[in-house]
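Colleague: Mind looking at a prediction? Sequence and model below.
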Amino acid sequence: MVKKLFATISTLAIMGSAFVGGQSAFASETAIEGGPLSFGTQPSVDNFGSVTLNGQVQNSTAALSAFTVIDATGTGDGWNVVVKADQFSDSANGLTLPTNSIDIALPTVSAQAGASDVTTITKADGKIDNATGVKILSAAEGGGMGTYNVDANTLTLNLLPKDVKEGNYTSTVTVTVTTGP
């Protein structure tokens, strides 16, 4: 019995010394996969207000809704948001408004928690109804990672009396997000 007690105490002493002091290291790993570059909240555009011609320069406005841009790719390649509109036309009467008649105001953008600093994003305004539209946001390489809120913005249709005939005009406004600075 004494031998058994002594053997048990010795075993516990050896085990106890293994847990006191010393160091253990364990390997741990994880796989991280990139997600999409996308709009979290989709942008939309209201109709421009009706205009009654009066022989003066006139403007009509429409709102581009607030939206979010999500860069979950994990690449740091940057991204661009482009707003482009087709030339306003009244197809029933064969009428068009001149290109470069629609302006977009400078956007306001903010970063959500954990996103790259908002200063990595360049903002622009300009004419959207032409061949290229306007790159309103451009995230630099290494920036723009995470989620960004873009506030609602104003589109302004500029009407010069010399260019406008009465009619029902339509245009399609597209907002796209693509990879690249």
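Modeller: Right, received. Where do you want to start?
Colleague: what residues are up against Q58?
Modeller: When contacts are counted by C-beta atoms under 8 Å, 6 or more residues apart in numbering, Q58 touches V51, L159. From N, CA and C alone the C-beta is placed, and that goes for glycine too.
Colleague: okay, and the helix or strand of the chain with the least pLDDT?
Modeller: Across the helices and strands of the chain, mean confidence by mean pLDDT, DSSP states H and E is lowest for helix 2-19: a mean of 48.
Colleague: strands paired with the helix or strand immediately after that helix in the chain, and their directions?
Modeller: Once helix 2-19 ends, the next helix or strand along the chain (criterion: DSSP states H and E) is strand 37-39. Strand 37-39 sits in its sheet next to strand 67-71 (antiparallel), going by DSSP bridges.
Colleague: Give me the residue at the spatial middle of the chain.
Modeller: Here the mean C-alpha position of the chain is nearest to the C-alpha of V69 (C-alpha atoms, centre = their mean), at a distance of 2.1 Å.
Colleague: Can you give the contact residues for stretch 99-112?
Modeller: Stretch 99-112 has contacts (C-beta under 8 Å, 6+ apart) with 64, 68, 83, 85, 87-88, 117-118, 121, 123-130, 134, 136-137, 146-151, 153-159, 163, 171.
Colleague: For PyMOL, what selects the buried ones among these?
Modeller: Entered in PyMOL, the line below selects the buried ones among those, by 16 or more other C-beta atoms under 10 Å:
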select buried, resi 64+68+83+85+87+88+118+121+126+127+128+129+130+134+136+137+146+147+148+149+150+153+155+157+158+159+171
